[in-house]
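1. whatever this is, show me its structure:
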Amino acid sequence: MFDALSASQFVSLFRSVAPYINLFRGKTFVIAFGGKAISGPFARTLAYDANLLAALGVRLVLVHGARPQIEEELREKGLESKTHAGYRVTDAATLDCVIDAVGSVYIEIDALLSQGLPDTPMANSTIRVVAGNFITAKPVGVIDGVDMQYAGVVRKIDAEGIRAQLRIGNIVILSCLGASPTGEIFNLAMEEVAEATATAIGADKLIFLTDSQGVSDNQGQLLDEMTADTAERLITEGGWLSPDIRRYLPCAVRASRAGVGRVHLIGYNEDGTLLLELFSRDGVGTIVTRESLEILRDARPDDIGGLVALIEPLEENGTLVRRSRELLEREITRFSVVEHDGMIVGCAALYPYTEDQAELACVAVHPNYRRWGYGEKLMKRIETRARAVGIKELFVLTTVTAHWFRERGFVEKTLAELPEEKRLVYNLQRRSKIFAKTL
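-> Below is the predicted model:
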């Protein structure tokens with residue numbers, strides 16, 4: 001039985017993920033992971049989470065590699081492991097090891113996704129898993145004078161065949177093996193298969209499970225998001241990046257530029273990272289997008305719902321003056337907003353009172369995003385809008401953020417220095433402090 005607190009937490013959590021369930025239903029995700037993820041301690045719960053996504057209506061393609069399993073096969077047979085230019089030099093004997101290793105990994109994944117014990121999250125599951133000849137490959141050829149032999153690259157993805165399986169509710173599994181039109185088998189890079197597949201089928205998300213939490217800067221700090229251009233620069237500069245990130249990041253950049261909506265890089269070394277990344281606002285890894293997730297723009301009528309959700313908590317605790325929905329609708333053109341990944345996370349408004357004076361009002365940023373500098377960006381945007389119409393002084397009334405405005409060039413003023421129209425509606429009970437800034 002739930003106690004009152006845990007019941008409340010459960011209900012709140014369940015409600016918080018509902019928007020994502022609605023958003024993801026019918027969307028296509030490609031999830032790519034290497035052999036280490038399957039041999040690690042969380043392979044079973046990864047299968048649970050993939051099964052959960054499919055049950056929620058997400059169309060799933062799983063792409064797996066087998067690098068450590070291939071290395072083990074080579075060691076057992078006394079064969080040397082050779083790589084060149086990021087590819088495994090694959091002679092006939094090595095190819096046999098690759099086929100054996102990939103086959104064993106596939107069987108393990110198939111078994112994990114077929115669990116159905118009553119006391120597991122996959123009880124009563126009826127999700128089907130399919131594999132097939134969806135990948136056409138071609139040889140890499142000779143690189144720097146080295147004959148790569150059976151090392152290959154993707155030539156074509158049978159996008160329609162994959163989509164057909166996804167439409168009837170099957171999970172599609174792809175490996176790092178592909179056949180040529182002449183029937184030869186080639187060893188492919190898993191990350192390139194994932195990239196090519198996500199691009200060909202127009203995936204909404206490409207998710208790489210990696211050996212690190214995500215992409216970090218040179219101080220070891222996780223980068224929540226980056227554009228493809230930023231990621232490309234990091235590829236050449238990021239000597240500190242983990243081996244998986246160095247392999248996967250170029251594919252993330254190309255996939256993003258080719259139209260894949262979001263590319264996520266998250267760790268496989270902790271339980272539940274896939275769900276935390278997808279069903280929480282901030283996630284736990286790094287997102288690569290073609291353009292920035294952050295959009296600073298003028299507000300539109302269809303932003304009213306987002307504005308209400310943003311400012312209501314601040315109105316209730318007295319930080320902001322209460323505004324009705326009808327008032328917001330009438331004054332929507334006065335607002336600027338910050339949109340992050342489709343959610344309104346910040347707003348500010350400009351209210352002219354005289355030819356020279358205007359008010360900076362309703363400055364609000366969602367608590368989870370205040371560390372990102374959105375308040376200052378909104379203030380600067382309002383300043384730019386004010387200058388454009390000839391405003392010389394911007395004033396603000398605040399009860400709790402006086403120091404924030406002081407630090408940004410505002411100086412304290414008296415009530416007598418406000419425009420007459422504003423003085424007449426000044427709320428003496430709130431006793432707001434008055435600050436102004438010359439533009």
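
2. quick check, residue 198 in contact with residue 60.
-> No - with contacts counted by CB atoms under 8 Å, residue 198 stays clear of residue 60, the gap being 11.9 Å. Backbone N, C-alpha and C define where each C-beta goes, glycine included.

3. those two: who's more crowded?
-> The residue with more neighbours, out of residue 198 and residue 60, is residue 198; 32 against 22, by other CB atoms under 10 Å.

4. per-residue confidence at that one?
-> Per-residue confidence for residue 198 comes out at a pLDDT of 97.

5. now the element after the host helix or strand of it, going C-ward?
-> According to DSSP states H and E, residue 198 maps onto helix 190-201. Past helix 190-201, further along toward the C-terminus, the next helix or strand under DSSP H and E is strand 205-210.

6. returning to that earlier point: now do the helix holding residue 198 against strand 205-210, angle only.
-> Interaxial angle of helix 190-201 relative to strand 205-210 (axes from the mean of the first three to the mean of the last three CA atoms, to 10 degrees): 170 degrees.

7. tabulate the CA atom coordinates of helix 190-201 in PDB.
-> C-alpha atoms of helix 190-201 as PDB (Å, rounded to 0.1, in the frame of the first residue of the first chain):
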ATOM      1  CA  MET A 190      27.600  -0.300 -36.000                       C
ATOM      2  CA  GLU A 191      27.400   3.400 -35.600                       C
ATOM      3  CA  GLU A 192      27.400   3.900 -39.400                       C
ATOM      4  CA  VAL A 193      24.600   1.300 -39.700                       C
ATOM      5  CA  ALA A 194      22.600   3.300 -37.100                       C
ATOM      6  CA  GLU A 195      23.300   6.600 -38.900                       C
ATOM      7  CA  ALA A 196      22.300   5.300 -42.300                       C
ATOM      8  CA  THR A 197      19.200   3.600 -41.000                       C
ATOM      9  CA  ALA A 198      18.000   6.600 -39.000                       C
ATOM     10  CA  THR A 199      18.500   8.800 -42.100                       C
ATOM     11  CA  ALA A 200      16.900   6.400 -44.500                       C
ATOM     12  CA  ILE A 201      13.700   5.900 -42.500                       C
END
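
8. so for the helix or strand of the chain with the lowest mean pLDDT, what gets flagged as buried?
-> When each helix and strand of the chain is scored by mean pLDDT, DSSP states H and E, helix 4-24 comes last, with a mean of 81. Judged by neighbour count using 16 or more other CB atoms under 10 Å, the buried positions of helix 4-24 are residue 24.

9. from the contact counts, what lies against that helix?
-> The contact analysis (3 or more CB pairs under 8 Å, 6 or more residues apart in numbering; DSSP states H and E) places helix 4-24 against helix 273-279.

10. contact partners of the helix or strand just after the helix it packs on?
-> Using DSSP H and E, the next helix or strand after helix 273-279 towards the C-terminus is strand 286-289. Residues from elsewhere that reach strand 286-289 (CB atoms under 8 Å, 6 or more residues apart in numbering): 214-215, 222-228, 231, 249, 252-253, 256, 261-266, 293.

11. strand 286-289 pairs with which strands?
-> In the sheet, strand 286-289 lines up against strand 225-227 (parallel), strand 262-267 (antiparallel) (DSSP bridges).

12. now do the contacts for residue 232.
-> Contacts of residue 232 (CB under 8 Å, 6+ apart): residue 253.

13. swap in 10 Å and give it another go.
-> Going by CB atoms under 10 Å, 6 or more residues apart in numbering, residue 232 touches 226, 249-250, 252-254, 256-257, 288.

14. buried subset of the residues you listed?
-> Looks like the contacts of residue 232 have 226, 249-250, 252-254, 256, 288 buried, using 16+ other CB under 10 Å.

15. hang on, the earlier thing: okay, and which of the contacts of residue 232 map to strands?
-> If you go by DSSP state E, those have 226, 288 in strands.

16. domains in this protein, by residue range?
-> 7-292, 295-438 (automatic domain parsing).

17. give me whichever of the ones you listed is most buried.
-> Among the domains of the chain, ranked by average contacts under mean count of other CB atoms under 10 Å, first place goes to domain 7-292 (a mean of 18).

18. overlap in contacts of residue 198 and residue 60?
-> 28-31.

19. tell me which stretches of the stretch 51-200 of the chain form strands.
-> Assigned by DSSP state E, counting those that start in this stretch, the strands in the stretch 51-200 of the chain fall at 59-64, 83-84, 87-88, 129-130, 135-139, 142-143, 146-147, 152-157, 171-174, 177-179, 185-187.

20. pull the residues that contact the fifth one.
-> Identification of contacts with strand 135-139 by CB under 10 Å, 6+ apart yields 63, 90, 147-158, 162, 174-182, 184-188, 193, 196-197, 200.

21. again, 7 Å this time
-> 148, 152-157, 174, 178-181, 186, 188, 193 (CB atoms under 7 Å, 6 or more residues apart in numbering).

22. closest to residue 96 among those residues?
-> Minimum distance to residue 96 across the contacts of strand 135-139 is 13.3 Å, recorded for residue 186 (CB to CB).
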